[in-house]
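Engineer: Sequence isn't available, so here's the structure alone:
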């Protein structure tokens, strides 16, 4: 089944404790992206990747890191999480840049 | 900078009523336009998209949208809504400007359809 998977689905952590949210797609898509969804703000793009080893900032990259070492994986790293990063995070992929995106199920992160 | 505006934040309709959700974007060049839907407890899925050609595009579940370039708009419509259309709807733009391929989403419209 073609899909985007994210792990974990739920995470509660404390300020400053490094964490990684994994994202994987099995559709051989070139473009992958991370978003955060906050009430009243919609989805805001954090980072995106056009292909392996090619990443770029979205609108809200501060406090996040990404890497794209393999085509199928695009992990999101929070080196030192803070409470304002409490949010619902979505990973997405598309066959090509500017194409239709397929979204993962979301990761609800709480930073206390 | 690109931006996307969705004018209606909350919409409440009765079943069989007609729906129109507004979406305006700010970029003046070539754009790819999307409407995504998020049903309660689910992740986003594509309703419809516009890349080029016929400005009236049809999507899943009876939804359609019209691209009006002169108005920078891409409004979503459905002639007769159902209770199962209760969801949050997001308009999105990708302009590919200056070699970047950022997606810009609107803030969303929560639709509640009363049975």
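Structural biologist: Cool, the structure landed. Predicted model, so just to flag it, every value in this text is computed and none were measured.

Engineer: Show me what the closest residue to residue B:86 other than its chain neighbours is bridged to.
Structural biologist: Closest residue to residue B:86 apart from its sequence neighbours, by C-beta to C-beta, 6 or more residues apart in numbering or on different chains: residue B:113 at 4.9 Å. From N, CA and C alone the C-beta is placed, and that goes for glycine too. For residue B:113, the beta-bridge partners under DSSP bridges are residue B:13.

Engineer: Touching, residue B:113 and residue B:85? I think so.
Structural biologist: Yes. Residue B:113 is in contact with residue B:85 according to C-beta atoms under 8 Å; the separation is 5.3 Å.

Engineer: quick one, what contacts the residue nearest to residue B:86?
Structural biologist: Applying C-beta atoms under 8 Å, 6 or more residues apart in numbering or on different chains to residue B:113 gives the contacts B:12, B:13, B:14, B:15, B:17, B:81, B:82, B:83, B:84, B:85, B:86.

Engineer: hmm, which of the residues you listed are the buried ones?
Structural biologist: With neighbours counted using 16 or more other C-beta atoms under 10 Å in any protein chain shown, the contacts of residue B:113 contain these buried positions: B:13, B:81, B:85, B:86.

Engineer: from the contacts of residue B:113, which two are the most distant?
Structural biologist: Longest distance between any two of the contacts of residue B:113 is 15.4 Å, between B:12 and B:84; criterion C-beta to C-beta.

Engineer: quick one: residue B:88 from residue B:53, how far?
Structural biologist: 28 Å (C-beta to C-beta, to the nearest Å).

Engineer: who does residue A:44 bridge with?
Structural biologist: When bridges are assigned using DSSP bridges, the partners listed for residue A:44 are residue A:36.

Engineer: can you pull the contacts of it?
Structural biologist: Remark: with contacts taken as C-beta under 8 Å, 6+ apart, residue A:44 is in contact with A:35, A:36, A:37, A:38, A:58, A:59, A:60, B:105.

Engineer: Let's see that with 7 Å instead.
Structural biologist: Residues near residue A:44 by C-beta atoms under 7 Å, 6 or more residues apart in numbering or on different chains: A:35, A:36, A:59, A:60.

Engineer: Most neighbours among those residues, which one?
Structural biologist: Scoring the contacts of residue A:44 on neighbours with other C-beta atoms under 10 Å in any protein chain shown, the highest-scoring entry is residue A:35 at 28 neighbours.

Engineer: just to revisit the earlier point, pick out the lowest-pLDDT one from the contacts of residue A:44.
Structural biologist: The member of those with the lowest pLDDT is residue A:59, and it reads 91.

Engineer: what's that residue in contact with, if anything?
Structural biologist: A:44, A:45, B:102.

Engineer: try residue B:63
Structural biologist: If you count contacts by C-beta under 7 Å, 6+ apart, residue B:63 has them with B:47, B:48, B:76, B:78.

Engineer: Swap in 8 Å and give it another go.
Structural biologist: Taking C-beta under 8 Å, 6+ apart, we find residue B:63 in contact with B:35, B:47, B:48, B:76, B:77, B:78.

Engineer: ok, back up a step: which of the contacts of residue A:44 lies closest to residue B:92?
Structural biologist: Distance to residue B:92, by C-beta to C-beta, is smallest for residue A:35 among the contacts of residue A:44, at 10.2 Å.
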